[in-house]
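> Build the 3D model from these lines:
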Amino acid sequence: MTAVMLYTSMRLLGRLACALPRRAAMALGRGAGEGLWLLARLLGHGDFVPGHVRAAYPDWPERRVRSVARHSVRETVASIVELLRMPLWQTPDAPRVAIHGVEHLKTALARNRGAIIVTAHYGNWELLAATLAREVGPMTVLIQPPTQPAFRRLFDELHAHAGVRAHSNVGLASLRPVLTTLASGGLVGLVCDQHGEGSAVTVRFLGHEVGVPTGAFLLARRTGASLVPARMVRLPDDTHRLEVETPLVLEEDDARMAQSMMDRFAAWIEDRPDLWLWIHDRWAKARRLPREHGPIPALAMAVAMSLALALAGNPADARGRPRQVPPPPPPPVVRPAGPPLLAAFPDRIEVRWPSSPGLQGRIALPAPPEAWLPLPDRQAILVHLPRRQELHWVDLSPTSATRFQTTRTYRDETLGGFDLVLERVADRVLIGYGRTVVADLGLSDGTWRAGFDRPDQTGHPFRPWSSLPWQGGFLTLEQGQLRVETGRPDPRFRGPETRVIDLPHPVVALQTMGRDGQVAVLCRPSNGLAALVELSGAQMQTRRILEIPGAPIALGRLGPDRLGVVAGTDLHVVSVAGWSVRSRGVRLWGPVPPLRVHFPLP
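Residues are numbered from 1 along each chain as shown. Sure, this is the predicted structure:
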């Protein structure tokens, strides 16, 4: 099979993973895993995975060893199929996950110090992070970055579809997003069952001495965050159960903490040994032996990466040359009416006008966007691409509604941060976080100044993305809760005048309604629908609730008497006066919902 034929076949299989129903896709994945197992035996490498199982459990009979190894390969490929289906995570076809022991996590988060989720390569650990990001709150994970740029782009896009912020665990720069997340009371995920390099302690794990990294313990002691073990268990019907366990006892002795954590992992593996990643040779470095390579990990990775690249839309053909993209069609004659919706996808931003369904535009991006700032008076938008350390100025001219291009690109190492906020102050755009300005851009003359910190000179507190002015103070969305704060909030220093508004469901977005201080809040109930709640401006009490079909994504104003709710791939128009859906299910996007949607001010 030539390279072109292989690439074409993998691309078709990648699209098939999302096009098929979930049960059919999972059956296809298990069939592929069974094929890998049989192929390894035919090529004489049938003892690659069983050898790892046998090293951990030398007393097991050979029949059980091979059964566990075989099921592990099948479950690994099934998890890869679920990873490829992450673009459907916000749709009704997404698997619902039952969470057991969530009270341990809520207790840890109630301390406002954040929580560090420690887990192993057990079950579908990627689905674990996506579930916590969807059901509990924002999730930041540290990963070992792939060496291939194409693979790196793939994982960036799949994590973005799942609502997970993934950062490289290489270098001191990786600590900044982790510390920022923990300081805001968020969740950080670490996979801690592989061999530890550098700062590590030696403990016993499944009968062997292994090195365990101590970074999670150091973070917990420095920040006061809780170390919460959690695992994802696959059930017979291909649903999942997320089990959150009691936090680890924080001690000064790293070896004791590491042994306690690895004992938890060992208990999981003894409970369901087929769910651990036996393809990885955990004992190679512990035994000081060269790592054995076999066809199963190579073929599994090739199949997974090819499928995922096909799903993500690989920008290069099989020979590695850039693919020639046909020019966009000429712009329509009809001029757009009203403000557009801006929808962010991993590789583009789409521009749609609800009042003119035939008009649409697309801004191609070389990397996933982290933040954006619309500039309505200049018919432009600033887009932050932290993976490229770039800030793009894109013109949104109403005379060319489909030909949006980057006219200016600002590139600087200070733009590599993943928690930067873009905020306009008069005729300048400040880029920074907390009270630190790392760069600024002059809108009138285009001057760019970067590479400096000046918190004492500006004293400018950046308003978090999820805050709105309200009656002299701010409404802030944090960890799915709605908070009322007086004055201008600072993400690092919370004032005493703060109270939490209790709502029956986790909050996704909020929008002031412009009359009598009333606020519309978009929530995510447990029934898979979206709930739009109207709060009274005087006492912030629930007045009316409107159920809307689909997974909630964004909320904004379409006019003085209309609200827009984005649920899945649809836009619902809600009448403020009648508190009813005036227009149901205006489908604006294809099968994949956007990551987030911005409603510019009229």
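
> if I look at Thr181, how far off is Gly123?
For Thr181, the distance to Gly123 equals 23 Å [CB to CB, to the nearest Å]. C-beta here means a position set from N, CA and C on the backbone, and glycine is covered the same way.

> Now stretch 529-538 - C-alpha only, CSV.
The C-alpha trace of stretch 529-538 is given here as CSV (Å, rounded to 0.1, in the frame of the first residue of the first chain):
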residue,chain,number,x,y,z
LEU,A,529,-30.4,20.1,28.3
ALA,A,530,-29.7,23.8,28.7
ALA,A,531,-31.5,25.8,31.3
LEU,A,532,-31.9,29.6,31.0
VAL,A,533,-32.6,31.2,34.4
GLU,A,534,-33.8,34.8,35.0
LEU,A,535,-32.6,36.3,38.3
SER,A,536,-34.2,39.2,40.0
GLY,A,537,-32.0,42.3,40.1
ALA,A,538,-33.0,43.3,43.6
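
> For it, buried residues please.
For stretch 529-538, burial by neighbour count (16 or more other CB atoms under 10 Å) applies to 529-535, 537.

> Pull the distance from it to the chain's centre.
The chain centroid and the centroid of stretch 529-538 are separated by 26 Å under CA atoms, centre = their mean, to the nearest Å.

> Quick check: mean pLDDT of it?
Over the span of stretch 529-538, the pLDDT mean works out to 81.

> oh, and call the first residue 9 from now on, that's how I've got it
From this message on, residue numbering opens at 9, which makes the last subject stretch 537-546.

> can you tell me the distance between the two ends of stretch 435-453?
Start-to-end span of stretch 435-453 (CA to CA, to the nearest Å) is 10 Å.

> looking at the chain, which helix or strand is least sure?
When the helices and strands of the chain are scored by mean pLDDT, DSSP states H and E, helix 303-320 comes last with a mean of 39.

> which strand residues sit across from the most centrally placed residue in the chain in the sheet?
For the chain, Val172 is the residue whose C-alpha lies nearest the centre (CA atoms, centre = their mean; 1.8 Å). Using DSSP bridges, the bridge partners assigned to Val172 are Met147.

> In contact with it, which residues?
Applying CB atoms under 8 Å, 6 or more residues apart in numbering, we find Val172 in contact with 137-138, 141, 147-149, 197.

> and the two most separated of those?
The span of the contacts of Val172, defined through CB to CB, is set by Ala138 and Thr148 at 12.8 Å.

> Which one's more surrounded, the two?
Ala138 (27 against 23; other CB atoms under 10 Å).

> any idea how far Val252 is from that one?
For Ala138, the distance to Val252 - CB to CB - is 15 Å.

> Looking at the contacts of Val172, which are in helices?
Assigned to helices by DSSP state H, the following of the contacts of Val172 qualify: 137-138, 141.

> still on that earlier bit, which SSE is immediately downstream of the least confident helix or strand of the chain?
Where DSSP states H and E defines the elements, the next helix or strand beyond helix 303-320 is strand 349-353.

> In the sheet, which strands lie alongside that following strand, parallel or antiparallel?
Strand pairing for strand 349-353, using DSSP bridges, gives strand 356-361 (antiparallel), strand 604-606 (antiparallel).

> Dump the ones you listed to CSV, plus mean neighbour count and mean pLDDT.
Shown next, in CSV, are the strands paired with strand 349-353 (neighbours: other CB atoms under 10 Å; pLDDT from 0 to 100):
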stretch, mean neighbour count, mean pLDDT
strand 356-361, 20, 80
strand 604-606, 19, 83
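
> want to throw the ones you listed into TSV with distance to Val446?
Converted to TSV, those look like this (distance: least, CB to CB, whole Å):
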stretch	distance to Val446
strand 356-361	23
strand 604-606	23
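
> out of these, which comes closest to Val492?
That would be, of those and by CB to CB, strand 604-606, which comes in at 23.6 Å.

> chain center to the closest one: distance?
That offset, for strand 604-606, works out to 15 Å (CA atoms, centre = their mean).

> Pull the residues that contact that strand.
349-352, 380, 382, 561-562, 564, 574.

> Over to stretch 390-401?
For stretch 390-401, contacts defined as CB under 8 Å, 6+ apart pick out 164, 357, 371, 373-381, 383, 388-389, 402, 414-426, 428, 430, 437, 439, 449.

> Got a PyMOL select line for the buried ones in these?
In PyMOL syntax, the buried subset of the contacts of stretch 390-401 is picked out as below (16+ other CB under 10 Å):
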select buried, resi 164+357+371+373+375+376+377+378+379+380+381+383+388+389+402+418+420+422+423+425+426+428+430+437+439+449
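
> Thank you, goodbye.
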